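How does the following fold in three dimensions:
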Amino acid sequence: MAHDLSLAQSHAFHLCNDLMVPITLFKSGDEFGVLPSDELDDEDDLEIVHEYFPRGSH
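As a prediction, the model looks like this:
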């Protein structure tokens with residue numbers, strides 16, 4: 001988790017292109033985090049900020 005949005009955005013972008021899977025950037029409380037999109041559950045109490053897709057997949 002990170003408090004800096006630009007740092008979390010950078011991690012999400014690079015992670016999605018390294019793993020070649022969609023990555024979701026989310027906010028929980030006052031922190032930002034990233035996870036592969038398929039690991040998030042509808043029951044998770046997270047504010048979705050953005051979903052990143054690997055280059056060439058969208």
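
where in the chain is pLDDT low?
In the prediction, the chain carries residues with pLDDT under 70 at positions 57-58.

ranges for the helices of it?
Using DSSP state H, the helices of the chain run over 5-19.

Ramachandran angles for the residue lying closest to Ser28 once chain neighbours are set aside?
Closest residue to Ser28 apart from its sequence neighbours, by CB to CB, 6 or more residues apart in numbering: Leu46 at 5.4 Å. No exception for glycine: its C-beta is placed from N, CA and C like everyone else's. In terms of degrees, to the nearest 10, the main-chain angles of Leu46 are phi -120, psi 150.

Kindly tell me how buried Gln9 is, as a neighbour count.
Counted with other CB atoms under 10 Å, the neighbours of Gln9 add up to 17.

can you check the one 10 residues further on too?
Look at Leu19: counted by other CB under 10 Å, it has 11 neighbours.

for it, what are its contacts?
Listed by CB atoms under 8 Å, 6 or more residues apart in numbering, the contact set of Leu19 reads Pro36, Pro54.

how about a cut-off of 7 Å?
Pro36 (CB atoms under 7 Å, 6 or more residues apart in numbering).

quick one: it and Phe13, what's the gap?
Here Leu19 is placed at a distance of 12 Å from Phe13 (CB to CB, to the nearest Å).

I figured the residue nearest to Ser28 hits Leu25, correct?
No - using CB atoms under 7 Å, Leu46 is not in contact with Leu25, being 10.0 Å away.

Look at those two and report which has more neighbours.
Set side by side, Leu46 and Leu25 show more neighbours around Leu25, with 22 against 16, by other CB under 10 Å.

Tell me the spacing between that one and Asp18.
15 Å.

What of Val34?
Counting by CB to CB - Val34 and Asp18 are separated by 12 Å.

same deal with Tyr52?
From Tyr52 to Asp18 the distance is 11 Å (CB to CB).

The two - which one has more neighbours?
Tyr52 (21 against 10).

didn't the more buried one look like it was pressed against Phe26?
No - using CB under 7 Å, Tyr52 makes no contact with Phe26, being 11.6 Å away.

how many other residues sit next to Glu51?
Using other CB under 10 Å, Glu51 has 15 neighbouring residues.

Many thanks, we can stop here.
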